[in-house]
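Novice: Using only what follows, build the 3D model:
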Amino acid sequence: MSLKSNARMYVAKSLLENGISVKGSELYVNSVKIPTTSVAKALGVDRRVVTKTIQEIQDNPRLRQLFMNIRDHPSTFLENYETLEITFLDHSQTVEVMSHILYLMAKYGINIRNIVLDDPIISPDPKLTIATYQPVSGEIIDEMKVGKNVRGVTVYKRRWKEGE
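Specialist: From the prediction side, this is the model:
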């Protein structure tokens, strides 16, 4: 990003982290319009900084294209599916870690519902979040951790209903 001030860079990163898109001169979470004053208040900056950030995004074709296509992913999958949160030792190895984890999921026949990988440029401690349709065994979790640059795996269990 080539935003001209630290405050505007902070606003732009915050918009990305929170799934807020820029369309024209307005902010949206998916199809819901968000007032710039609300964003400014939440981020602890002046409303004019948010407005100037939006203007700068609109003036830059690459940034405009990026920000107009942002969509927030629903966090409800944490409640409805088994979810794994994987952290890395070295963020430059995320492709290798992701490849290894997806290989293990396929090997054990685990169906994936959703995958979200935090951008290491935006997030200081990026995570790979995977929601699955069925439980993931401890054996698979142990294999994920073996020599593949994985710092940790946190499992959020779904309460499985009888017959599932």
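
Novice: going forward, measure contacts and count neighbours with C-alpha atoms only.
Specialist: Noted.

Novice: so what's Val116 up against?
Specialist: Contacts of Val116 were listed using Cα atoms under 8 Å, 6 or more residues apart in numbering, and they are Leu128, Thr129, Ile130.

Novice: Quick one: neighbours of the residue lying closest to the first one once chain neighbours are set aside, just the number.
Specialist: So the one you mean is Leu128. Spatial nearest neighbour of Leu128, excluding adjacent residues (Cα to Cα, 6 or more residues apart in numbering): Leu117 at 4.5 Å. Residues lying near Leu117 (other Cα atoms under 10 Å) number 14.

Novice: how near is Leu117 to Thr87?
Specialist: Distance of Leu117 to Thr87, computed by Cα to Cα, to the nearest Å: 10 Å.

Novice: what's in contact with stretch 105-114?
Specialist: With contact meaning Cα under 8 Å, 6+ apart, stretch 105-114 is reached by Tyr81, Ile130, Ala131, Thr132, Tyr133, Gln134, Val136, Ile140.

Novice: Output the strand or helix carrying the third one as PDB, nothing but the C-alphas.
Specialist: In other words, Ala131. Element membership for Ala131 (DSSP states H and E) is strand 127-132. Extracted C-alpha coordinates of strand 127-132, given in PDB (Å, rounded to 0.1, in the frame of the first residue of the first chain):
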ATOM      1  CA  LYS A 127      -3.400 -17.700  11.700                       C
ATOM      2  CA  LEU A 128      -4.800 -20.300   9.500                       C
ATOM      3  CA  THR A 129      -8.400 -21.100  10.400                       C
ATOM      4  CA  ILE A 130     -10.100 -24.200   9.000                       C
ATOM      5  CA  ALA A 131     -13.700 -25.200   9.700                       C
ATOM      6  CA  THR A 132     -14.500 -28.900   9.100                       C
END
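
Novice: who does it pair up with?
Specialist: strand 82-88 (antiparallel), strand 112-117 (antiparallel) (DSSP bridges).

Novice: Go through those strands and name the closest to Glu17.
Specialist: strand 112-117 (11.6 Å; Cα to Cα).

Novice: burial of Pro61, as a residue count?
Specialist: Pro61 is flanked by 11 other residues according to other Cα under 10 Å.

Novice: for it, phi and psi?
Specialist: Phi and psi for Pro61, reported as degrees, to the nearest 10, are phi -60, psi -40.

Novice: which among the contacts of stretch 105-114 end up buried?
Specialist: Among the contacts of stretch 105-114, those buried by neighbour count (16 or more other Cα atoms under 10 Å) are Tyr81, Ile130, Ala131, Thr132, Tyr133, Gln134, Val136.
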